[in-house]
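**Q** Got a predicted structure plus its sequence, pasted below:
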Amino acid sequence: MIRTPLRIQVEGLDHSFGHHQVLHDINLDVSAGARLGIVGESGSGKTTLARLLGGALGSSAGAVTVNSAPWSAVRRGSPTRRAVQLIYQDPYASLTPHVSVGSAVREAARVCRRLSRRKARAHAEELLASVGISPALAGRRPRQLSGGQCQRVAIARTLAADPDLIIADEPTSALDISVQAQIINLLLDIMTRRGAGLVLVSHDLAVIRHLTEEVVVMHEGRIVERGATASVLTAPKHPYTRQLCDRS
Ligand SMILES: Nc1ncnc2c1ncn2[C@@H]1O[C@H](COP(=O)(O)OP(=O)(O)OP(=O)(O)O)[C@@H](O)[C@H]1O
């Protein structure tokens, strides 16, 4: 299938929850090959921005567009919607509790790739194997797996959609240190082997340095600094970025 090159544009985005304005005048351009990090202290608006970028949260008309259309105009299940996949901090939250992990990945493969049930089953097994989940675990429900295993399943399900861009919000922060590196390496492998782009929200500047080429620094709902990851993190210009780097 030939796809339109993906481009998400954010222009003058403000966002409020009730009377609380949490994002102020955000401007950002993200395309399929992006490797963009979003950093900032807790409450600075990173998750909100990630969800708006991925169309998981509605924005004021026209402030966030995907291939020039507002997310609200992009149909569920459409190729554009599938091209952008979100991975959340809590791996259990992104899976349905009573559905076995094998079924979750199989169903995603069936719907996203329009496969027959038989082919979807085989494809789901391949995807689970590719993230290191053995077929013996496919019948388990999310809570019968560890957090790390569950995050792998969430990634396998994301891969079923063959995304151009993965938006990952703190994908390792709920996991044991020993498992974090495995998930990071998995994301790196997906980017290099499948050519998917990544928008990564993380508190961990070492991870941001490892996985991204550009970074935006958020403070109190505004982007206060942006640029090549290596230069922003090595020679931060904004005082807030300096503080962030000093603390890590
Ligand atoms: N659904 C919501 N309803 C009301 N307020 C919200 C909602 N989601 C987020 N907020 C508020 O918006 C602000 C930004 O939150 P957000 O989760 O985007 O920050 P963050 O930088 O991702 O923080 P963290 O690093 O702790 O996850 C916070 O003040 C938060 O309390």
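**A** Yes, it's here. Numbering: from 1, shown residues only.

**Q** now the farthest one out in the protein, which residue is it?
**A** residue 118 (29.0 Å; CA atoms, centre = their mean).

**Q** quick one: it from residue 107, how far?
**A** Distance of residue 118 to residue 107, given as CB to CB, to the nearest Å: 14 Å. In short, each C-beta sits where N, CA and C put it, glycine included.

**Q** Give the other helices and strands that the helix or strand bottoming out on mean pLDDT in the chain contacts.
**A** Taking mean pLDDT, DSSP states H and E as the measure, the helices and strands of the chain show their lowest mean at helix 177-194, namely a mean of 84. Applying 3 or more CB pairs under 8 Å, 6 or more residues apart in numbering; DSSP states H and E, we find helix 177-194 packed against helix 147-160, strand 165-169, strand 197-201, helix 205-211.

**Q** Run through the residues that contact residue 75.
**A** Residue 75 is in contact with residue 81, counting by CB atoms under 8 Å, 6 or more residues apart in numbering.

**Q** Residue 217 is nearest to which of the helices and strands packed on helix 177-194?
**A** Ranking the helices and strands packed on helix 177-194 by their distance to residue 217 (criterion: CB to CB) puts helix 205-211 first, at 10.1 Å.

**Q** All the helices of the protein, residue numbers only.
**A** 46-53, 79-83, 101-113, 117-130, 147-160, 177-194, 205-211, 229-234, 239-247 (DSSP state H).

**Q** what's the most buried one of those helices?
**A** helix 147-160 (a mean of 24; mean count of other CB atoms under 10 Å).

**Q** Which strands or helices does that helix pack on?
**A** strand 84-87, helix 101-113, helix 117-130, helix 177-194.

**Q** switch the cut-off to 6 Å
**A** strand 84-87, helix 101-113, helix 117-130 (3 or more CB pairs under 6 Å, 6 or more residues apart in numbering; DSSP states H and E).
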